[in-house]
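> After the sequence you'll find the predicted model.
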Amino acid sequence: KQEVTQIPAALSVPEGENLVLNCSFTDSAIYNLQWFRQDPGKGLTSLLLIQSSQREQTSGRLNASLDKSSGRSTLYIAASQPGDSATYLCAGAREGNTPLVFGKGTRLSVIA
Amino acid sequence: NAGVMQNPRHLVRRRGQEARLRCSPMKGHSHVYWYRQLPEEGLKFMVYLQKENIIDESGMPKERFSAEFPKEGPSILRIQQVVRGDSAAYFCASSPSGAWGQYFGPGTRLTVT
């Protein structure tokens, strides 16, 4: 049974810092992994999707990597801004079109 | 192309009443997933449907909960005889065929009084 863990649970950084959010999963038979952003009281916004055949994906200031052998993914945020403050969730799927298994998220605060 | 739509956004029900949550997937998406987010907990999978079929309902309580995705119209998550413990945010996601990720709606926040 897949379990997804995110560390740290909460993170507070000053504006402008580069930061890394960690996600680990127990079952390396992962087909793809998604990173999401959730603002308080809102839905989930998909940030990046990494297929199992890929090692990383980039979008603007965000870069996500996937290492299946070690069961880890990281989300790198460059030059953080107060608008990046949100909860970041990672989730893995065992196969295409299967349910996602979520971590509990990392709550990020970027202080101006 | 409109995103995943859910309604209502907020729903208040008294204990014992029924709650009906609706989800319209993105255009071209034939796969629908329902997840529940309890206060201070992560999102948990409930049920996965394709048109007219339930593919996986392993995360849905056996009693009081049901889901459908008819040939025409939105997917419906139905909760009968709601209890306070059903208070949560319910999210719907959709995906096209293949491994292209899931796209989430804004959620329905159910409060049971």
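Cool, the structure landed.
> and chain A, which of its residues are near chain B?
Proximity of chain A to chain B, by Cβ under 8 Å from any Cβ of the partner chain, involves residues A:31-32, A:34, A:36, A:41-46, A:49, A:51, A:89, A:91, A:93, A:95-105. C-beta: built from backbone N, CA, C; applies to glycine.
> So among the residues you listed, which ones count as buried?
Buried by 16 or more other Cβ atoms under 10 Å in any protein chain shown: A:31-32, A:34, A:36, A:43-44, A:49, A:51, A:89, A:91, A:93, A:96-105, out of these.
> Restricted to strands, list those residues.
Residues of these located in strands (DSSP state E): A:32, A:34, A:36, A:44, A:49, A:51, A:89, A:91, A:93, A:100-102.
> Now the phi/psi pair for the closest residue to residue B:42 other than its chain neighbours, please.
Among residues not flanking residue B:42 along the chain, residue A:104 sits closest, at 4.2 Å (Cβ to Cβ, 6 or more residues apart in numbering or on different chains). When read as degrees, to the nearest 10, the backbone of residue A:104 gives phi -80, psi -10.
> from the ones in strands among the buried ones among the residues of chain A next to chain B, which two are the most distant?
Spatially, the most separated pair among those is A:44 and A:51, at 19.2 Å (Cβ to Cβ).
> looking at the sheet around residue B:36, what are its partners?
residue B:44, residue B:90 (DSSP bridges).
> How many neighbouring residues does it have?
Neighbourhood size, residue B:36 [other Cβ atoms under 10 Å in any protein chain shown]: 22.
> hang on, residue A:56 packs against residue A:62?
No: using Cβ atoms under 8 Å, residue A:56 makes no contact with residue A:62, being 10.5 Å away.
> Looking only at neighbour counts, state which of the two leads.
Shown here are residue A:56 and residue A:62; by other Cβ under 10 Å, residue A:62 has more neighbours (17 against 14).
> Not counting sequence-adjacent ones, nearest residue to the spatially most central residue of chain B?
When Cα atoms, centre = their mean is applied to chain B, the residue found nearest the centroid is residue B:34 (3.8 Å). Leaving out its chain neighbours, the residue that sits closest to residue B:34 by Cβ to Cβ, 6+ apart is residue B:46, at 4.4 Å.
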